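Asks: Got a predicted model here, sequence first, then my questions.
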Amino acid sequence: MKQTQPTKFVDIIGFPMDLGAGRRGVDMGPSALRIAGIKQRLENLGYVVSDLGDVFIRNQERQTIKNTKLKYLDEITRTCELLAKRVEKSLDQNHFPLCIGGDHSMAIGTLAGISSHCKKNKQELGLIWIDAHADMNTEETTPSGNIHGMSVAASLGLGSKSLTQIYGHTKKIKPENIAFIGIRSLDREEKVIIKQWGLKVYTMTDVDRKGINFIINKILKELKSRVDHIHVSFDVDCIDPSMAPGVGTPVSGGLSYREAHLLMETIAECGCMSSLEVAEVNPILDTKNKSAEITAELVASSMGLRIL
């Protein structure tokens, strides 16, 4: 894979989704990130940024739960289809899609759109999943029925056909092209699936032992050797909640402020990230928009912001 400079045209796509999560408020994440100046930060780096607005999502008060193992399935599948279409269009225009959420069920839509673009152009897709959770549940293993915990599994073709067949094809990505970073909370059945599929998972224990610099450089080197498009999916709960409290599923012992920045700065130095999404900013649980501010800073780091 050739190293290239990041695309200069950035499309911001909002996905104010909270139907996939267990707590309210994350639907305000896109607004919080805009208030934190995410567009201005990228423009200051020389990008031409277009804010394409939000995918319209009906709120929970207008929904009914038909299946407690797949909560709000119909609206999630409908809106993920719309998101996939927007993401694919952005890539087809040689733009860089930056998707801001919203809960992490949006990854089902973003990966569907990216995968469709890659298939058309005979490109191989790679995924760096930065999260406290692996989101590898299905409707058979989920303890909660919350679809934001099924995003990677669905993108691999596991679970409900309603999720796996979003945007027309089942398997969006190959398991060997996925790398997880910062994992520290897994359900019992997720552990079984991860081992069965041989997925590359770097837990917080690995980060402690090996260091974030070693891990991200190893991942980038391996992915660059065999994929053409690297998508980064960043869940804010990967950061320790002492720094980023405004997330729906906080887990102690996450990435430090500097570890998170070094991670994103190293991705920027690679010049090989072709799309990005940030998920799970929840202003209701935040303090003075702190989590959104940190997230906006990290997005800027991933797009080229440096101390010197």
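Replies: Sure thing, it's come through.
Asks: Now L82. Nearest residue, chain neighbours left out?
Replies: Using C-beta to C-beta, 6 or more residues apart in numbering and skipping residues adjacent in sequence, the residue nearest L82 is V55, 5.1 Å away. In this view, the C-beta of every residue, glycine as well, is placed from N, C-alpha and C.
Asks: okay, now the one you found: neighbour count?
Replies: The burial count assigned to V55 is 24, neighbours taken as other C-beta atoms under 10 Å.
Asks: pLDDT below threshold where in the stretch 101-250 of the chain?
Replies: Filtered on pLDDT under 70, the stretch 101-250 of the chain yields no residues whatsoever.
Asks: how about the strands in it?
Replies: Per DSSP state E, counting those that start in this stretch, the stretch 101-250 of the chain carries strands over the ranges 125-130, 178-183, 200-203, 229-235.
Asks: Take the ones you listed and lay them out in JSON lines including mean neighbour count.
Replies: Below are the strands of the stretch 101-250 of the chain laid out as JSON lines (neighbours: other C-beta atoms under 10 Å):
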{"stretch": "strand 125-130", "mean neighbour count": "26"}
{"stretch": "strand 178-183", "mean neighbour count": "25"}
{"stretch": "strand 200-203", "mean neighbour count": "19"}
{"stretch": "strand 229-235", "mean neighbour count": "25"}
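Asks: so which of these comes closest to V299?
Replies: The closest of the strands of the stretch 101-250 of the chain to V299 is strand 229-235. By C-beta to C-beta, the value is 8.0 Å.
Asks: what's the closest one packed up against?
Replies: On a contact count with 3 or more C-beta pairs under 8 Å, 6 or more residues apart in numbering; DSSP states H and E, strand 229-235 meets helix 106-120, strand 125-130, helix 212-224, strand 273-279, helix 290-302.
Asks: Please name whichever of these is nearest to E139.
Replies: helix 106-120 (13.4 Å).
Asks: That closest one: how far from the chain's middle?
Replies: Taking C-alpha atoms, centre = their mean, to the nearest Å, one finds helix 106-120 lying 12 Å from the centre of the chain it belongs to.
Asks: got the angle for it vs strand 273-279?
Replies: Here helix 106-120 points in a direction 160 degrees away from that of strand 273-279 (axes from the mean of the first three to the mean of the last three C-alpha atoms, to 10 degrees).
Asks: before we move on, the earlier item: using TSV, lay out the helices and strands packed on strand 229-235 together with distance to I181.
Replies: Shown next, in TSV, are the helices and strands packed on strand 229-235 (distance: least, C-beta to C-beta, whole Å):
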stretch	distance to I181
helix 106-120	15
strand 125-130	5
helix 212-224	6
strand 273-279	14
helix 290-302	13
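Asks: Among those, which comes closest to M17?
Replies: Closest among the helices and strands packed on strand 229-235, using C-beta to C-beta: helix 106-120, at 5.6 Å.
Asks: could you say what helices and strands the closest one packs with?
Replies: Helix 106-120 makes packing contacts with helix 73-92, strand 96-101, strand 125-130, helix 151-155, strand 229-235, strand 273-279 when contacts are defined by 3+ C-beta pairs under 8 Å, 6+ apart.
Asks: quick one: the residue nearest to L82 from N146, how far?
Replies: Distance, V55 to N146, by C-beta to C-beta, to the nearest Å: 19 Å.
Asks: go on, S301?
Replies: Distance of S301 to N146, computed by C-beta to C-beta: 29 Å.
Asks: which of the two has more neighbours?
Replies: Neighbour count, other C-beta under 10 Å: between S301 and N146, N146 has more, with 24 against 21.
Asks: So that one sits against K71, correct?
Replies: Yes - contact criterion C-beta atoms under 8 Å: N146 and K71 qualify, at 6.1 Å.
Asks: Mind listing the shared neighbours of the two?
Replies: Common contacts of N146 and K71, defined by C-beta atoms under 8 Å, 6 or more residues apart in numbering, comprise G20.
Asks: Is the residue positioned nearest the centre of the chain bridged to anything, and to what?
Replies: With the centre of the chain defined as its mean C-alpha position, the nearest residue by C-alpha atoms, centre = their mean is S233, 2.6 Å away. Applying DSSP bridges to S233 gives these bridge partners: W129, E277.
Asks: so who does it touch?
Replies: By C-beta under 8 Å, 6+ apart, the contact set of S233 is H104, A107, T110, L111, L127, I128, W129, I130, D131, L276, E277, A279.
Asks: Now stretch 258-268: buried residues?
Replies: Within stretch 258-268, the residues that qualify as buried are E259, A260, H261, L262, L263, M264, E265, T266, I267, A268, counting by 16 or more other C-beta atoms under 10 Å.
Asks: Same question for stretch 70-89.
Replies: 70-73, 75-77, 79-89.
Asks: Give me the distance from the one helix or strand L33 maps to to the chain's centre.
Replies: Taking DSSP states H and E as the definition, L33 sits inside helix 29-35. Remark: helix 29-35 is offset 16 Å from the chain centroid, using C-alpha atoms, centre = their mean.
Asks: Before I go, just wanted to say thanks for your time.
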